[in-house]
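Peer 1: Give me a 3D structure for the following:
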Amino acid sequence: MRPISRRRALQLGGVGLAATVLGGCAPPTPGRLRFDPTVGEALTEPPVLRSSSGVLQVRLEATEARVPLAGGDATTLAFNGGLPGPTLHVQPGDRLEIDLVNRLAEPTNLHVHGLHVSPQGNGDNTFVVVEPGATFGYEHQLPADHPPGVYWYHPHHHGLVADQIFGGLYGAILVGDPTPVPVTRERLLVVSDISLDDDGQVLPPSPMAQMMGREGELVLVNGQATPSMQAASGERERWRIINACTARYLRLRLDGQQLQLLGVDSGRSVTPQDVDELVLATGNRADLLVTTVAGTSELRTLPYDRGGMGMMTGMPGMRDGTPGPGVGEPLALATLEVTGSPAPPLAPVPTRPSPRDLRTETVTARRELTFAMGMGGPGGMSFTIDGKQFDPDRIDQTVRPGAVEEWTLVNTSPMDHPMHLHVWPMQLLDTAETPTWRDVVDIPARSTVRVRIAFDDYTGRTVYHCHILDHEDRGMMGVLNTA
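Peer 2: Numbering: from 1, shown residues only. Okay, the predicted model is just below:
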């Protein structure tokens, strides 16, 4: 999909909602973009902060920073001046203590996405507000049996979530494996997107981009444009991939290489699964093994149609006749150059315990949640769950501790909505025989998905929401209380 200029988007603004449907984050005037999406520098990774003696103490400063980006310099938001922020490496049973220092001109807070930790008090508490100039101390005690894998952290102050993540506030959390996976090398790939003007300032989204879910003009890996990687033939690498985009889905391919999936989010397979491509909705993470084959391969994200506004008809290539975001040319994310003679084979990957299967357990309650879009609300569209927009003072669902519930997630809208539940992962039903666990579950347009959830260990208030973060900020979020 060809982007339109910021000036053209403003010209179209008075024509009406349907006429601006191609708007994303308004880009600079064509031909004047100083930032090169094909720079190709060697991949770098954020600094890693590791726990010691069962504790990791971290100070994260949310600031505005001038950072090198895509061949230029940009003014973005950043944790500790980096894009992404530092990687937090912990083990099951560790205590993670984070002092969040707000150097921004607006409120913020911090969500540890996917971690199974308490939502109360100084835990993964979405309702905490850290005002400008203030510091808040988060304390997360991981269970001794916490699933290993790749997680991430980002702000979650309602109304500002999309702006702050799109601006650059995100970082990885790695939970180590009790039994190490034998690999030649480990890599972290944090994929994000951003739009910049000619001076390197983050461009605000148009009203239509907020309704569709903004997708940036530059797609970055670890804050870099199409970085390059080197490897020897026959190596087994472990790639941990995070989709930190605010709305973009990643349909990933690495043609020419041998790929095996260890798991997505906190879900793990008993043995690695051979894959050709992998779709990550915004917020999803993948733990991938890459066995290298000589040659040059390109990590790409292919077009993925996540739907449209459903206002126009009869145009080809559009769901409901409306051009959806993510429908365009494949995008190169990074390159991998593999040379040399094959390396000696490594030890086999150890098998993992079979995942818990809630299909064999007694369901104590069933619920149906409906994700919908309609006319009205800010900008002309409303985003609701069960006909209601988010209210932090209202409890939408009350769950008994220890319950095993089945939720039917209904999407009546013409766009996909990836649903994220804080604290507790969800087991997908209607899937293959192997139990499939996610903490972000895609609900395709005009479809229904069933999940089961075991509300173990914790009580307190938390939230569930659409992880198209502009939709969340516009009200597609509910409050769950386990009590």
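
Peer 1: Can you give me the domain assignment for the protein?
Peer 2: The chain breaks down into these structural domains: 48-175, 185-339, 358-482 (assignment by automatic domain parsing).

Peer 1: what's the closest of those to residue 352?
Peer 2: With distances scored as C-beta to C-beta, the stretch of the domains of the chain nearest to residue 352 is domain 185-339 (5.2 Å). Every residue, glycine included, has its C-beta placed from N, CA and C.

Peer 1: what's the neighbour count on residue 367?
Peer 2: Burial of residue 367, expressed as a neighbour count using other C-beta atoms under 10 Å, amounts to 13.

Peer 1: can I assume it is in contact with residue 410?
Peer 2: No: taking C-beta atoms under 8 Å as the definition, residue 367 is not a contact partner of residue 410, at 10.8 Å.

Peer 1: of the domains of the chain, which approaches residue 349 most closely?
Peer 2: Across these, residue 349 has its closest neighbour in domain 185-339 (5.5 Å, C-beta to C-beta).

Peer 1: quick one, helices of the chain?
Peer 2: Ranges of helices in the chain, per DSSP state H, are 6-12, 161-167, 207-212, 469-473.

Peer 1: what would the ones you listed look like in CSV with distance to residue 330?
Peer 2: Shown next, in CSV, are the helices of the chain (distance: least, C-beta to C-beta, whole Å):
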stretch, distance to residue 330
helix 6-12, 24
helix 161-167, 22
helix 207-212, 20
helix 469-473, 24
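
Peer 1: Ranked by average pLDDT, which of those falls at the bottom?
Peer 2: If you rank those by mean pLDDT, helix 6-12 sits at the bottom with a mean of 28.

Peer 1: Tell me who's in contact with residue 470.
Peer 2: Residue 470 makes contact with 162, 205, 209, 210, 211, 212, 213, 214, 246, 247, according to C-beta atoms under 8 Å, 6 or more residues apart in numbering.

Peer 1: which stretches of the stretch 251-400 of the chain have low pLDDT?
Peer 2: Applying pLDDT under 70 to the predicted model, the residue ranges of the stretch 251-400 of the chain that meet it are 310-327, 377-379.

Peer 1: 90 instead?
Peer 2: Counting by pLDDT under 90, the ranges of the stretch 251-400 of the chain that qualify are 308-329, 340-345, 375-381.

Peer 1: Do a quick rundown of the strands in it.
Peer 2: Ranges of strands in the stretch 251-400 of the chain, per DSSP state E, counting those that start in this stretch, are 258-264, 273-275, 277-280, 285-291, 295-302, 331-339, 365-375, 381-385, 397-399.

Peer 1: can I get the ones you listed in TSV with distance to residue 76?
Peer 2: Conversion of the strands of the stretch 251-400 of the chain to TSV gives the following (distance: least, C-beta to C-beta, whole Å):
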stretch	distance to residue 76
strand 258-264	28
strand 273-275	33
strand 277-280	22
strand 285-291	22
strand 295-302	21
strand 331-339	19
strand 365-375	30
strand 381-385	27
strand 397-399	36
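
Peer 1: Might you report the residue contacts of the nearest residue to residue 253 once chain neighbours are set aside?
Peer 2: Taking C-beta to C-beta, 6 or more residues apart in numbering as the measure, residue 253 lies nearest to residue 277, with 4.6 Å between them; neighbours along the chain are not counted. The neighbourhood of residue 277, defined by C-beta under 8 Å, 6+ apart, consists of 251, 252, 253, 302.

Peer 1: Also residue 365?
Peer 2: Taking C-beta under 8 Å, 6+ apart as the contact definition, residue 365 lies against 399, 400, 403, 405, 406.

Peer 1: redo that, cut-off 6 Å
Peer 2: Contacts here follow C-beta atoms under 6 Å, 6 or more residues apart in numbering; on that basis residue 365 touches residue 405.

Peer 1: Roughly how far does residue 304 sit from residue 280?
Peer 2: The spacing between residue 304 and residue 280, counted by C-beta to C-beta, to the nearest Å, is 10 Å.

Peer 1: Please apply the same query to residue 353.
Peer 2: Residue 353 sits at a distance of 24 Å from residue 280 (criterion: C-beta to C-beta).

Peer 1: quick one: which of the two has more around it?
Peer 2: Set side by side, residue 353 and residue 280 give different neighbour counts by other C-beta under 10 Å, the larger being at residue 280 (25 against 7).

Peer 1: Bridged to the more buried one, which residues?
Peer 2: residue 250 (DSSP bridges).

Peer 1: buried ones in the lengthiest strand in the chain?
Peer 2: Determined from DSSP state E, the single longest strand within the chain is strand 55-69. Taking 16 or more other C-beta atoms under 10 Å as the basis for neighbour counts, the residues of strand 55-69 that come out buried are 56, 58, 60, 61, 62, 63, 65, 67, 69.

Peer 1: Thanks a lot, see you next time.
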